[in-house]
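S.K.: sequence first, then the predicted structure, then my questions.
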Protein chains: 2
Amino acid sequence: MQHAASSALLVAGWHRMSYSFSDGSYMSQQLEKRIRKVHEIVGNANTTGRFIVFGSGSILLLNAAVYALSLDNSSSPAGVVASIPYYPAYKEQTNFFRSLDYRFIGDTSMWENTSDVKTNVIEFVTSPNNPDAQLKKAVLQGPFVKTIYDHAYYWPHFTAIPAPADEDLMIFTLSKLTGHAGSRFGWALIKNETVYQRMLQYTRENSFGVSRDTQLRALKLLEVVLEGEGKEIFDFGYKTMKDRWEKLSKILSVSKRFSIQQIAPRYCTYFQQVRGPSPAYAWFKCEREENKDCYAVLSAAGITGRDGNLFGAGSGYVRLSLIRTQDDFDLMLQKMETLVSGKMASKR
Amino acid sequence: MQHAASSALLVAGWHRMSYSFSDGSYMSQQLEKRIRKVHEIVGNANTTGRFIVFGSGSILLLNAAVYALSLDNSSSPAGVVASIPYYPAYKEQTNFFRSLDYRFIGDTSMWENTSDVKTNVIEFVTSPNNPDAQLKKAVLQGPFVKTIYDHAYYWPHFTAIPAPADEDLMIFTLSKLTGHAGSRFGWALIKNETVYQRMLQYTRENSFGVSRDTQLRALKLLEVVLEGEGKEIFDFGYKTMKDRWEKLSKILSVSKRFSIQQIAPRYCTYFQQVRGPSPAYAWFKCEREENKDCYAVLSAAGITGRDGNLFGAGSGYVRLSLIRTQDDFDLMLQKMETLVSGKMASKR
């Protein structure tokens, strides 16, 4: 029987696991339907009149979008910008691939008043922002400006949803919806057909699209989300994240050395009420000059985060992830309490 | 219960489906072990002293390798070459990403006698070759030459294995081992640590590595292959492919208008015998001037293939895939018989 199973692999592969689905596409139509349905019940994005492209995580789609938008510029490379503090991958990835057509040119604010910019500028708008959870709008406008909306965290467990996002190019990821980062699945909603075709082509040239095993996993996960109309997962996620935020906030409220960002309560159309913060990250600040290497201060206390320098914000900041197992989070809280109380044992 | 399942997604995601495995890697060590074991029992590649990088299909690793090898050249872009007929993706993909550091510069033979080339040249060597199944060696040599060995088809069901491949940079894919092209899983065996680190970094910047669902699927597939020590899958695959090749050859043997490539019998260390051809593709040639658009001739007969122009070989050739379901293959044979017999009904 084992032997029969072994040769059946080839047959199964040729029959059911070829590059494309029976309609010739690399993307499951069933999965696309579920994605549109999830956005509809959550009310966080308008999918009407949008094409969908799948990617191996939203990270791949970020570069696919930069690629697609940069091709409109015939003379000089497009400049890619993001507002400080920004998700480090925008800079890292944009520079890493060393394209003829685009390069990272820094903080958005440096370009805000240069109305004489005559080359393409591509602005990353992350809303809610990674690391500080603020809801953001595009800063730059004009005929040479294109915008990529990274909505990875625009789900009711991480933020109030004031209205459905309704932009030309929006990127989402399964990683921040169900937590399955390892499955590497993201999607882009795209209004312009040319941009859509270029992004689709990018995913084909890169890896012939997204693994069918991954697409099947995503389909099953979204079906579970849909059966409860999202209520249960978002309730659970919101309560968990809110509870974590409140506990961390309480510990830091007595400190003059350390602080975390303010997030205003807002009306959420999904929960139909005004609700407080429940972000994925705390944007941690060391307030004193002698603690200007904030990452080192936290490391010495046994707390790991990501150095504010990576986010363009300087060493006075550290991003702390609140998305971790409960044990990990509780341990971090304990260490934070010790740090804030000033009762840290000296290392030896 | 359904509701409990829904919120459990987030917990499961945070616990078990994060970006990295518990050792901090994006790659399963279990899977890496199985890959080395498969090469050992098959005897088609020497993995000793090689690092392994996973990719979302070998296609992604092809570009990762070009990227990694091109960085050694500080002044002008590296030139990427392949011998005609070559797999179209080398040219398409290399040009598509519009890198500052590399560009496709055509057929290898154009560079064979230019000993004064002083910029990096990266040669793709595909063995067995796609489309014509020949076992190939690198053509170019010298201090400025780097070689990428694409061994996608170097398995006993597609070719004799004269000896284990023992090159510095070799690329394999699950797609041509078990047939699971849709799973998008490939791997590279790399001798040089700097090249390994760069390719690893490429897969991280591209998509944070390969989907864990895909890695799990690959692990299960290789375990089934290993339980039979490969005997059964390669026996089955070899017999199937050999039978298809012989049937197609027989039909074409009576034709003066059409031919397919010659493949010499060779001793195979895996089967421990001299064995005949069992290639993945027939490299189909229209011999007559009036049939110089060979793709159109086959299309008119209801036979789909890939135009020889894509392989740099001109319109006199078409690549016919022999890797398809049995029904599809049998149907193609019937149509081929009709075409060769000259009894085609005129189209109306």
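M.R.: Received it, and whenever you're ready, just let me know what you need.
S.K.: A:Pro77 and A:Asp101 touch, don't they?
M.R.: Yes: counting by C-beta atoms under 8 Å, A:Pro77 sits close enough to A:Asp101 to count as a contact (5.5 Å). Where you see a C-beta, it was placed from the backbone N, CA and C, and this is true even at glycine.
S.K.: OK, contacts around the residue lying closest to A:Ser83 once chain neighbours are set aside?
M.R.: In space, not counting the residues next to it along the chain, A:Ser83 is nearest to A:Thr108; the distance is 4.3 Å by C-beta to C-beta, 6 or more residues apart in numbering or on different chains. A:Thr108 makes contact with A:81-84, A:123, A:139-140 under the criterion C-beta atoms under 8 Å, 6 or more residues apart in numbering or on different chains.
S.K.: and the pLDDT at A:Thr108?
M.R.: Each residue has a pLDDT score; the one for A:Thr108 is 93.
S.K.: next, give phi and psi for it.
M.R.: When quoted as degrees, to the nearest 10, the phi and psi of A:Thr108 stand at phi -50, psi -40.
S.K.: repeat for A:Trp283
M.R.: Per degrees, to the nearest 10, the residue geometry at A:Trp283, taken as phi and psi, is phi -100, psi 90.
S.K.: ok, back up a step: how far away is the residue nearest to A:Ser83 from B:Lys250?
M.R.: In this view, A:Thr108 and B:Lys250 are 67 Å apart by C-beta to C-beta, to the nearest Å.
S.K.: do the same with A:Trp245
M.R.: Taking C-beta to C-beta, one finds A:Trp245 at 73 Å from B:Lys250.
S.K.: neighbour-wise, which of the two wins?
M.R.: In terms of neighbours (other C-beta atoms under 10 Å in any protein chain shown), A:Trp245 is the more surrounded of A:Trp245 and B:Lys250; the figures are 20 against 11.
S.K.: what sits against the residue positioned nearest the centre of chain A?
M.R.: In chain A, the residue lying closest to the centroid (C-alpha atoms, centre = their mean) is A:Ala152, at 3.3 Å. When contacts are counted by C-beta under 8 Å, 6+ apart, A:Ala152 is found next to A:58, A:126, A:130, A:171-173, A:175-176, A:186.
S.K.: out of the residues you listed, which is nearest to A:Ala300?
M.R.: Top of the list for closeness to A:Ala300, among the contacts of A:Ala152 and by C-beta to C-beta, is A:Asn130 at 25.3 Å.
S.K.: per-residue pLDDT of the closest one, please?
M.R.: Per-residue confidence (pLDDT) for A:Asn130: 98.
S.K.: can you tell me the SS state at it?
M.R.: For A:Asn130, the secondary structure call by DSSP: H, G, I helix; E, B strand; the rest coil comes out as coil.
S.K.: these two touch, right, it and A:Ala89?
M.R.: No: taking contacts as C-beta under 8 Å, A:Asn130 lies outside contact range of A:Ala89: 9.2 Å.
S.K.: can you tell me how far the residue nearest to the centre of chain A is from chain B?
M.R.: Using C-beta to the nearest C-beta, to the nearest Å, we find A:Ala152 at a distance of 13 Å from chain B.
S.K.: what do you get for A:Leu339?
M.R.: Distance of A:Leu339 to chain B, given as C-beta to the nearest C-beta: 24 Å.
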